[in-house]
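Trainee: sequence unavailable; structure follows:
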């Protein structure tokens, strides 16, 4: 059973059809949309500020989401994929975006709609990644524009695959 901890009068809210791995942790002011999947050893720590997640978002194994007290929040749109061991801290991730494995996205950064943050990248505070852009490196820099339809198709496919994977854990055979 996942660890769900109320803090400061906030209890995490989970939408319909979500999968939360049994060793995932949701704390405080966290809201999940519908059909999200929160994978093994992931921590969504809404103890000091708000974490709001849209529909069909997958946050993969070992990721950590946190914010700054009274300063930054996390907002994640719909059909977003957050790779394994990602750290998100007080940032905004727009619809259809993908954050690659091991990436770090810092406070007040924005990852635009359909954008891709390459694996292992470090997106510094207040960086704005435009819609459909690919960024990579440490610190992350613009690499190229990605075709918007290609990006949306890729990112939706990954999000829907993770929805399928989550059903393997929740639906009787």
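Mentor: In hand now; what should we look at? Worth saying up front: this structure is predicted, and the values here are computed from it rather than measured.
Trainee: contacts for the helix or strand of the chain with the lowest mean pLDDT?
Mentor: Within the chain, no helix or strand scores below helix 148-170, which has a mean of 87 by mean pLDDT, DSSP states H and E. Contacts of helix 148-170 with the rest of the structure, by C-beta atoms under 8 Å, 6 or more residues apart in numbering, involve 18-19, 21, 35, 37, 56-58, 60, 79-81, 96-98, 114-116, 131-132. All C-beta spots, glycine's among them, are computed from the backbone N, C-alpha and C.
Trainee: now, which of the residues you listed lie within strands?
Mentor: Within the contacts of helix 148-170, residues falling in strands by DSSP state E are 19, 37, 58, 81, 98, 116.
Trainee: my guess is residue 129 contacts residue 117, does it?
Mentor: Yes. Between residue 129 and residue 117 there is a contact under C-beta atoms under 8 Å: 7.0 Å.
Trainee: who's more crowded, those two?
Mentor: Applying other C-beta atoms under 10 Å to residue 129 and residue 117 shows that residue 117 carries more neighbours, namely 28 against 24.
Trainee: who does that one form a beta bridge with?
Mentor: Taking DSSP bridges as the rule, residue 117 bridges to residue 99, residue 135.
Trainee: list the contacts for it?
Mentor: By C-beta under 8 Å, 6+ apart, the contact set of residue 117 is 97-100, 103, 105, 111, 123, 129, 135-136, 140.
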